[in-house]
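J.: Task: produce atomic coordinates for the following.
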Amino acid sequence: MAEAPGTPTLRAALVGIDFGTGDFAASLEELSLLARSAGAEPITTITAKRSSPDAAHFVGSGKADEIALEAKSQGAEIVIFNHALSPAQQRNLERRLELRVIDRTSLILDIFAQRAKSHEGKLQVELAQLQHLATRLIRGWTHLERQKGGIGLRGPGETQLETDRRLIGERVKMLRSRLGKLRKQHETQRRQRGRNQTFSVSLVGYTNAGKSTLFNTLTKAGVYVANQLFATLDTTSRRMYLGDEAGSVVISDTVGFVRELPHQLVAAFRATLEETIHADLLLHVVDGASPARMEQIEQVNEVLREIGADHVPQILVWNKIDAAGLEPAVERDEYDKISRVFISAHSGAGLDLLRDAIAEAAKSVQREHHRYQQPFEAEEYEEQDAAFGLDEDDASVDARSGGPDDKMPTSTPTTHVGPH
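T.: Sure thing, here's the model as predicted:
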């Protein structure tokens, strides 16, 4: 759905069906953000309530006719459903509405395709798109469902549809092979990090929660930040110095999550997401000003469970406290471990508390495993950088409170125990 520069934005009609589960209003707002992130302009939103989807049209034939009238009267060029549609439902809707129809899965895949910058990211997105497309080939080739002799590609008596499926299957096999090699490279890098005993931290969280802003503020990395969903896809790592006791840690920014993240994307991005599995600590960044924050936390934890990262120690980072009217603070659990830190990545409030929390976690691992008995020498830092894929331009940041790279305000230490 991506448009070339200068191409008019697609006018989109959004459709959301309330099945009585979750925050329906927040889900619709998110659909609008997803549509804009993909380059569409939402011009109308059509809603309905149902107990279950209709097998043929998802919304029922009467509602489908209502959607058709509304979309055409508003001059919509595309209809976007806030749900996953089966191939048959999508095909039936396009025939009935006489407009292009895409579902939530296709929309997210399109955004990922636009955002992917690295070679690995592009391979992962293409794999997910092809796996999704393979179930919908009949939509584009029903007029070619007849036997045709092949010139160069088709075998005797092979139909166009069979040819497309075969070619997609071959491409998928090749992409999986390439991603398998990249996965082995990641495993080699992780083994190297293990030998260097590097404490690693991964930022995870719902998309647009402020992960990249926080990452840039902590590391001065200059990662692309925008008020849009999935602004960045590729994992970026930087080294951060937290003092002689905690030593140097490596912090990584990862792709954001979203509710109903397509399974194809989770599977395709497994090599990237596995960085979170092998982290020593997860900083789960939460938009503290969002009314849907508790649901978003659960959505992120669900993906973490799916990729096997639910066992990694986690600190909730309650971001955007300036918008939520909260003050910088730290919460500890019944075992006196830090469970939540209240910050604003935008203003810098509470970041000194977060740095202290990371240092405390790093020192805890050091005591447990008797690591980092002596400060690392320069050549050991170079080995760490190589293990994380860092080059000479990815300089270490001295993040000690009052250190040369500490430009953040100092918070008054406030500690909460238990739920806020």
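J.: Show me the helices in this structure, by range?
T.: For the chain, helices defined by DSSP state H occupy the ranges 24-38, 61-73, 87-97, 104-115, 119-133, 138-141, 160-195, 211-219, 263-268, 270-277, 293-306, 321-324, 351-369, 378-387.
J.: which one of those has the lowest average pLDDT?
T.: When the helices of the chain are compared on mean pLDDT, helix 138-141 scores lowest, with a mean of 47.
J.: hang on, the earlier thing: the helices of the chain: which one's closest to residue 235?
T.: Between residue 235 and the helices of the chain, the tightest spacing by C-beta to C-beta is seen for helix 270-277, at 5.4 Å. Where you see a C-beta, it was placed from the backbone N, CA and C, and this is true even at glycine.
J.: picking up where we left off before, just send the helices of the chain back as TSV, with mean neighbour count too.
T.: Formatted as TSV, the helices of the chain follow (neighbours: other C-beta atoms under 10 Å):
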stretch	mean neighbour count
helix 24-38	19
helix 61-73	16
helix 87-97	18
helix 104-115	22
helix 119-133	20
helix 138-141	14
helix 160-195	14
helix 211-219	23
helix 263-268	20
helix 270-277	20
helix 293-306	17
helix 321-324	18
helix 351-369	19
helix 378-387	16
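J.: Turn the ones you listed into a markdown table, including distance to residue 252.
T.: Compiled in a markdown table, the helices of the chain are given as follows (distance: least, C-beta to C-beta, whole Å):
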| stretch | distance to residue 252 |
| --- | --- |
| helix 24-38 | 23 |
| helix 61-73 | 42 |
| helix 87-97 | 37 |
| helix 104-115 | 17 |
| helix 119-133 | 14 |
| helix 138-141 | 39 |
| helix 160-195 | 11 |
| helix 211-219 | 8 |
| helix 263-268 | 18 |
| helix 270-277 | 6 |
| helix 293-306 | 15 |
| helix 321-324 | 24 |
| helix 351-369 | 13 |
| helix 378-387 | 12 |
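J.: so which of the ones you listed gets nearest residue 11?
T.: Smallest distance to residue 11 across those (C-beta to C-beta): 9.2 Å, for helix 61-73.
J.: counting contacts, what elements does the closest one pack onto?
T.: With contacts taken as 3 or more C-beta pairs under 8 Å, 6 or more residues apart in numbering; DSSP states H and E, helix 61-73 sits against strand 10-18, strand 40-49, helix 87-97.
J.: what's the closest of the ones you listed to residue 333?
T.: Closest to residue 333 of those is strand 10-18 (C-beta to C-beta; 36.3 Å).
J.: Name the residues of that closest one that are buried.
T.: Buried residues in strand 10-18, counted by 16 or more other C-beta atoms under 10 Å: 10, 11, 12, 13, 14, 15, 16, 17.
J.: Stretch 40-59 now?
T.: 40, 42, 43, 44, 45, 46, 53, 54, 57, 58, 59.
J.: can you put those residues in TSV and add pLDDT?
T.: Converted to TSV, those look like this (pLDDT from 0 to 100):
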residue	pLDDT
40	93
42	96
43	96
44	96
45	96
46	96
53	95
54	95
57	94
58	96
59	95
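J.: Run a quick neighbour tally on the closest residue to residue 349 other than its chain neighbours.
T.: Excluding its sequence neighbours, the residue lying closest to residue 349 (C-beta to C-beta, 6 or more residues apart in numbering) is residue 328, at 5.0 Å. Using other C-beta atoms under 10 Å as the criterion, residue 328 is surrounded by 25 other residues.
J.: Over to the one 5 residues further on?
T.: Counted with other C-beta under 10 Å, the neighbours of residue 333 add up to 11.
J.: Does it touch residue 316 like I think?
T.: No. Residue 333 lies out of contact with residue 316 (C-beta atoms under 8 Å); the separation is 10.8 Å.
J.: okay, and the common contacts of these two?
T.: Applying C-beta atoms under 8 Å, 6 or more residues apart in numbering, one finds that residue 333 and residue 316 are jointly contacted by residue 339.
J.: quick one: the residue nearest to residue 47 when sequence neighbours are not counted from residue 70, how far?
T.: The shortest distance from residue 47 to any non-neighbouring residue, by C-beta to C-beta, 6+ apart, is to residue 16 (5.2 Å). Distance of residue 16 to residue 70, given as C-beta to C-beta, to the nearest Å: 13 Å.
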